[in-house]
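Peer 1: I would like to see how this sequence folds:
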Amino acid sequence: QLQLVESGGDLVQSGGSLRLSCAAAGTTLDYYAIAWFRQVPGKEREGVSCISSIGDSANYADSVKGRFTISRDNAKNTVFLQMDSLKSEDTAVYYCATSPSVHRWCVLSESSYDRWGQGTQVTVSS
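Peer 2: Prediction:
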């Protein structure tokens, strides 16, 4: 059974960078779309970025475009989220999730993803 484990969350100053990892166990991620979501207490979960199962097409929320980059390393069965120029409003718990949809695109809709990791905390100090 597919299991996802996020890591890389930390406390960082505004303007800094972090790289989050989402490692999979139990099956290969090759044919899954993968997404990163984030959530702040009291607010709804927000889609941040996703990468498609075919062609590795990426999609980003407007709030992170130009600052975040999603990528996958199939050999390591891991998906990464490189976060640069971090802002205090990026503070949240970040989750990765998988979708079995096989497409050349991906969507940032929570309902499209059925497997979730436990989350990793990112805190950006101003």
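
Peer 1: measure the one residue sitting closest to the centre of the chain to residue 58 for me?
Peer 2: Closest residue to the average C-alpha location of the chain: residue 36 at 2.3 Å, with CA atoms, centre = their mean. The gap separating residue 36 from residue 58 is 11 Å, by CB to CB, to the nearest Å. All C-beta spots, glycine's among them, are computed from the backbone N, C-alpha and C.

Peer 1: which residues do the two both contact?
Peer 2: Each of 49, 50, 70 lies in contact with both residue 36 and residue 58 under the rule CB atoms under 8 Å, 6 or more residues apart in numbering.

Peer 1: Phi first, then psi, for the last one.
Peer 2: When you say that, I think you mean residue 70. phi -100, psi 140 (degrees, to the nearest 10).

Peer 1: could you list every residue that touches it?
Peer 2: Counting by CB under 8 Å, 6+ apart, residue 70 touches 34, 36, 49, 50, 51, 58, 60, 79, 80, 81, 82.

Peer 1: Residue 117 contacts residue 96, doesn't it?
Peer 2: Yes - with contact defined as CB atoms under 8 Å, residue 117 counts as touching residue 96 (4.9 Å).
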